[in-house]
Each structure stands twice: as C-alpha cells, then as structure tokens.
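> Turn this into a model:
(chains A and B)
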Amino acid sequence: MPEKEIWVAEASELNEGERKIVPFGDTEIGVYRRKGKLYAYQNLCAHQGGPACEGLLMPKVEEVIGADKTYQQMRFNYEEWHIVCPWHAWEYDLATGEFVVNRAIRLKKYEVVEKDGRIYVLAGD
Amino acid sequence: MKFPVSDFHTMDIEEADTTQILAHAAKQRDEKKFNEFLIIDADCHHYETDSLREIIEFIEDPVLKQKARLETTTGTGVITSLLPGRVGEQNLAGRITRYSLRKAEKTEVGNGRRPAQLTLRSMDAMGVDYGCLFPTPMLALGLHPEGDVEVQLSRAYNRWMTEKLLPQEPRIVAMPYLPFNDPEAAYRTVQEFGDKKGVVGFLVTSVRYKAVYDNAYMKTYALLEEMGKPLAFHAAYNWMDRMFSTTNRFIVAHAFGFTLFNAIPCANWVVNALPERFPKLKVIWIESGLAWIPWLMQRLDNSYKMRSSECPGLKKLPSDYMRDMFYTTQPMELPDDLSVLQTTFKMVRAETQLLWASDYPHWDMDLPSRIYDLPFLSEQAKRNILGENARRLFRLDVRDRFPDSASPRKTKSEERILERR
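Have a look, this model is predicted:
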C-alpha cells in the first residue's frame, strides 16, 4: 500500500513532551515528541475504541522495594513514558505502542519523519 | 488546561466538551446504526454538587438549610454538613481527564438545565434514547451519621428532580432516593413520588449498614409492589469500612465495595425469602458488574442444600430467585476467554434480565458496543439488553421515538391508586 506524507506541524510547534493530533481519513494520528524522539500512533484505544492519544502522556509508575523486601514508596520512571487513554486509563508504552498490561495488544504505529523543519507521518491510503 | 503528569512535568490538554470527548462513541453509533433501535441507559450519572445551590432550596429544615446555604456560598469550599466525605479517587490522578474537564464545560444553569444538557450530550453521542439518571456523591449519603440529613437532603433532591429536571426532558428518567436509614421516611417517599412523571422505580444506595429484611421495610416493599415500581440497589464503595480499610490500594476498595455492598443485601433478600413475600416486586442490582452473580448463585445454592433449615421461607434454590432479578451490566468484566462471559450470561438469563448501563461519566463506563459486539448474542438478545428489557421493566412509553413500540401496560393496582388520587 503506497504511503504518503501527512503533514503534522512545523518542528518548532511540537516541543518536548507535547502532542499533536492530525486527522487521517476516518481516523486520527497522535504524534509525540519525548526525549528528542518522535512517535506516532493511531488515536484508537484497543479497549473500547477511545481516543487514546487525546489523554495524558505520563511516566511509568513503579514501586520501590527495599533490599529486605519491604515496600518503600512509589516513583516515576522517566525512561518509560505511557500514552494514557482518557476514557479508561489504558496505558500504552510510548516507545512501542504496546499495552503495558498485555504487550500483545498495541496501538497502530506510524513512522514519523522530521525534515526541513517540518514533521510528517507516513501513512497508507 | 494544564495537568501535572509527574512530580515536575505538566501537559496541556485541550478543554473539551462531552460531545468531543465521546466523538469516537458517535462513530460507533453511526457505524453500528444504534439510532435505528431502542437503547436505554439504565444507569448514568450527574454530579448533584453542580446543582446543590438549587437543590438545597427544597430543604425544609430551616437550620439545615442555613448550614447548606452557608456551605454552598461563603463556606470553606468543603461541604461537610450534607455529604459524607470519602477517600478514594476514581480519576486515577488525572488520567481520566473528563473528571477535571467537567467543570469547565459550558451549559445553561439553573432549574436542572446543566445536568440535563450534560446528560443529553453523552446520550446523543452514544446513541442512547433514554437515560435513568442517578446522583454521584449521594451514593454515600447512607453513611451520614445524622439520619435526618439523609431524610431532608433526599427529599430536597427528589423534589428538585421531579419538579425541575424531569419535566423539562422526557428522555431522562429517574428513581427517587429512598432514605433507607429511616424506614418511615422511606415509605413516605414512595407515597409522595410514586406517581410523578419520569419516575421509573426507587433507589436504595447500598453503601449503608441496614438490613433489607427488617420488618420496618415490609410496608414499603408492599407499596412498591402494588405500584409496580421496581426497587433498585445502587452499589458504591466505602474505603473506611472496617474490612475494606485493610487494603492500601483503591482498586481493591472499589472492586470489592461495588460488589459486596450489593451482594450482601442480595443474599439477605434471597435467604429471607423476600421474593416469596413480594413475588411481583422487581429488584434491580446496579453497578456491581456481572462476575459476582454466578459466584453468589453457586455459593448460596451449595450452602442452602446443607443449611435449608436456616432459610425456611425458600421454596426453590437461591439461584432461581436470583435469576428472576435484574442486573445492570456495567462495569462488565470482559475476560480473555469469552466462554466465561457466555456462561455468566446463561446463568443470569441475560436475554431477559440484563439492563445495559453506561455509568457515564464515571471512570469505568461502558459503551453500547460492549454488548453489541458480543459474538455469542443474537440480534434480539442484544436489543433486549440494550433497551427492550428496560422498556418493559420501567414501563416506558417510547412511542415518541419508536412509534411501533407497544404502549406501557399499567397494573390494576396502579390504575386503582391513580383513581383514588
């Protein structure tokens, strides 16, 4: 299926931690910039079809267990960011689009290119 | 709107209204043609705190009214006289963004217009024809230590609902709140509101510590049965309950609370043979999901076969009585192995006894697709669960939207009562 470049934004309009949503046919694509990289996913949650990319982008929550196996606290892992669907908070790994509870389920991923100061998503017809 | 997303990151989320938030629901509605058949939402919600200033004007106790007016105007911002505070946040630290966005959504205000408009927006997006609207913070009102507050506030709410909100919007129906901690007041509530337009049953909020088998309630059940109005038990949670306070995670308090606060009254209802005393009284169990039903059926049947002497009023198995009751579907547990759900549906006689519910705008809401997409249901079963079962149970006249529908049947008792009035 031939892919075409879908214009997203000027590179300067998508800063670190931000997200843009662009229409594509009868769906939408969410484009993120995080830690210098760009990611793009279909705005469609695998759960009940919610707008996954319209929610928050949050770091993974972890618990800290001491050497003696006692619970210490919770913390954020800034190496792993999650796309959080606003309908029911299903969380998807930004790096892969995988649902963090069952990584066999994932958001549809698109390739993103940044060139000449502009950001495009490659998507088929 | 700026959301904190970590201890030092923030993210801007565009302010959205219900129609935008549910745009994908509208796509499902159109793709699956939900507007071509009847869909009734048996459980959706508003936040009555948004309308509290209107509601409290119906309070009759002048001292309570003064307190309420103070708290809703120049008070501290925390409404402590009226609504029991609870720990436990359902919006997952902002992840369910509609909780935070709700207050910014624009509607008309006054005379119940705000909840009516917000509710209709979600109904229209989902393809819902009629919605049975319930309060939210008042789900815990049964915990208020001042019994008279429940009586006063519930009557004020019921009057506001039936005099302001329901008359303006025929697509919204409701169940007046029964102040169940005061059996006499509960009885008076049925007498007062039973024949009001848009009233399709009566609500007991299950988060309380009262026994459904108490003799003081029997005349209320008898009156409901005579009027042909269902009795609905709506679950919630209480993290401060002695047992539930042993969990340190809200997920457990919620999962168990919403189940057990209905399961225990349901078990009590059955083992005290209340279905034998009131065979025509329809009982609905709201917002406990479905997975608890087969568990309770099996557990009670197994125990009853050994302990039948403790339940001398029963003439059949507990599960047989449970199969005659009604259950809203949400939050519908969807296991990876769908045969589990199919068995559940078979055990509860889903085709006639289940009522689809969204619970919108709460965090674990379900869309109509949750039922419509089940591969093991026939088209008629889907339509029954999505609307026809509720139409029959609520005796709703839906001919304004579906002219070929049957007109609702009145019971002889209802006709006698109406004639007496």
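> Any residues of chain B in contact with chain A? List them.
By Cβ under 8 Å from any Cβ of the partner chain, the residues of chain B that approach chain A are B:3, B:5-7, B:9, B:11-13, B:16, B:21, B:23-25, B:27-28, B:92, B:94-98, B:363-367, B:369-370. Backbone N, C-alpha and C define where each C-beta goes, glycine included.
> what about chain B, any weak spots by pLDDT?
Along chain B, the parts satisfying pLDDT under 70 run over B:77-78, B:411-421.
> Tell me where the longest helix sits in it.
If you go by DSSP state H, chain B has its longest helix at helix B:250-271.
> and B:D336, how many neighbours?
6 (other Cβ atoms under 10 Å in any protein chain shown).
> ignore the last one, B:F180
By other Cβ under 10 Å, the residues close to B:F180 number 25.
> One more: B:K196?
B:K196: 16 neighbours (other Cβ under 10 Å).
> residues in contact with the longest helix of chain B?
With contacts defined as Cβ atoms under 8 Å, 6 or more residues apart in numbering or on different chains, helix B:250-271 is touched by B:88-90, B:206-207, B:211-213, B:233, B:235-239, B:241, B:244, B:247, B:275, B:283, B:285-289, B:292, B:296, B:300, B:304, B:310-311, B:314, B:318, B:321-322, B:325, B:331.
> Using ChimeraX, define a selection of the buried residues within those.
In ChimeraX syntax, the buried subset of the contacts of helix B:250-271 is picked out as below (16 or more other Cβ atoms under 10 Å in any protein chain shown):
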select /B:206,207,212,233,235,236,237,238,239,241,244,275,283,285,286,287,288,289,292,296,300,304,314,318,321,322,325,331
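> which other helices and strands contact the next helix or strand after the longest helix of chain B?
Remark: after helix B:250-271, the chain's next helix or strand is helix B:274-277, criterion DSSP states H and E. Using 3 or more Cβ pairs under 8 Å, 6 or more residues apart in numbering or on different chains; DSSP states H and E, the elements in contact with helix B:274-277 are helix B:218-227.
> Out of the contacts of helix B:250-271, which sit inside strands?
Using DSSP state E, the subset of those located in strands is B:F233, B:V283, B:W285, B:I286.
> Next one: the residue in the stretch 301-421 of chain B positioned nearest to chain A from A:G50, what distance?
Closest contact between the stretch 301-421 of chain B and chain A, by Cβ to the nearest Cβ, is at B:L367 (5.4 Å). According to Cβ to Cβ, to the nearest Å, B:L367 stands 9 Å off from A:G50.
> Quickly run through the sheet partners of the helix or strand where B:L133 lies, with directions.
Using DSSP H and E, the element containing B:L133 is strand B:130-134. The pairing partners recorded for strand B:130-134 under DSSP bridges are strand B:40-45 (parallel), strand B:172-174 (parallel).
> could you list every residue that touches residue 32?
All of this is about chain A. By Cβ under 8 Å, 6+ apart, the neighbours of A:Y32 are A:E18, A:R19, A:L38, A:Y39, A:A40, A:C53, A:L57, A:I83, A:L94.
> that's the wrong chain, I meant chain B
B:P368, B:S369, B:Y372.
> The first one: neighbouring residues, count only.
Right, B:P368. Residues lying near B:P368 (other Cβ under 10 Å) number 23.
> wait, it sits on B:F34?
Yes - in this structure B:P368 lies within contact range of B:F34 using Cβ atoms under 8 Å: 5.7 Å.
> Give the residues shared as contacts by those two.
B:Q28, B:M126, B:G127, B:V128.
> and the second one, what are its phi and psi?
Listed backbone geometry of B:M126 is phi -90, psi -10, with angles given as degrees, to the nearest 10.
> Which of the helices or strands spans the nearest residue to it once chain neighbours are set aside?
Distances taken as Cβ to Cβ, 6 or more residues apart in numbering or on different chains place B:A25 nearest to B:M126, at 4.9 Å, with adjacent residues excluded. Assignment of secondary structure by DSSP H and E places B:A25 within helix B:23-31.
> Return the list of helices and strands in contact with that helix.
Contacts defined by 3+ Cβ pairs under 8 Å, 6+ apart place helix B:23-31 against helix B:113-126.
> Residue numbers of chain A in contact with chain B?
Within chain A, the positions adjacent to chain B are A:17-19, A:26, A:44, A:48-51, A:54-59, A:76, A:78, A:84, A:86-89 by Cβ under 8 Å from any Cβ.
> which of the residues you listed are buried?
Among these, those buried by neighbour count (16+ other Cβ under 10 Å) are A:17, A:19, A:44, A:48-51, A:54-59, A:76, A:84, A:86-89.
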